[in-house]
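J.: coords please:
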Amino acid sequence: MEKGGPNSPLKSTAITEGSADDLTDCYDTLPATAKLYIMFSPSVQDEALRVGNLRDYLSKNLTSLSYSETGDITKFALHGFWGTPEQLLRLYAEKSDKYLVHHMTKIRESILEGKNARVMETQERTLRTDWDQERG
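T.: You can find the predicted model right below:
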């Protein structure tokens, strides 16, 4: 067995300790932070290189990507991001930082903020990242 493969506990430890660099050994990733990343399959990597870059590829193919271990998006972590992987990819492709989420107000949140509990609301959220300071 190959040491440090994509499903290795060593990789999981590296992610939780804040180092996503080990992930790029096996897959191409879109790392916004250490706990917010998306891993692409090798076929997506090859196609993105043929197109020119990942942003151009996503602007054309975002709606057709499949999300599974054997699909186009093999793994993702969205810690601190309230949206979906597709929303994150759209933000990346457009170099944007604002997105909408549907959120149910929790009981504790309703008490602290004076809102009605267990009511769905749409919130505009902001991703704190500078797309001009990309890494990876």
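J.: which residues touch stretch 85-102?
T.: With CB atoms under 8 Å, 6 or more residues apart in numbering as the contact definition, stretch 85-102 has outside contacts at 30, 32, 36, 38, 54-55, 58-59, 62-63, 65, 67, 73, 76, 78, 81-83, 120-129, 131-132. No exception for glycine: its C-beta is placed from N, CA and C like everyone else's.
J.: domain ranges for this structure?
T.: For the chain, the structural domains run 1-96, 98-128, going by automatic domain parsing.
J.: which of those domains is buried the deepest?
T.: A comparison of these by mean neighbour count, using mean count of other CB atoms under 10 Å, puts domain 1-96 on top with a mean of 15.
J.: and it, average pLDDT?
T.: Within the predicted structure, the mean pLDDT of domain 1-96 is 75.
J.: the residue of the chain positioned farthest from its centre: what's it in contact with?
T.: Among residues of the chain, the one most distant from the C-alpha centroid is G114; the distance is 31.6 Å, by CA atoms, centre = their mean. If a contact means CB under 8 Å, 6+ apart, then G114 has no contacts.
J.: how near is the residue lying closest to L127 once chain neighbours are set aside to T126?
T.: If you skip the residues right next to it in sequence, L127 has D97 as its closest partner in space, 4.6 Å away by CB to CB, 6 or more residues apart in numbering. With distances defined as CB to CB, to the nearest Å, the gap from D97 to T126 amounts to 5 Å.
J.: show me where the chain has helices.
T.: With DSSP state H as the definition, the chain shows helices at residue ranges 9-16, 42-51, 54-61, 85-94, 107-113.
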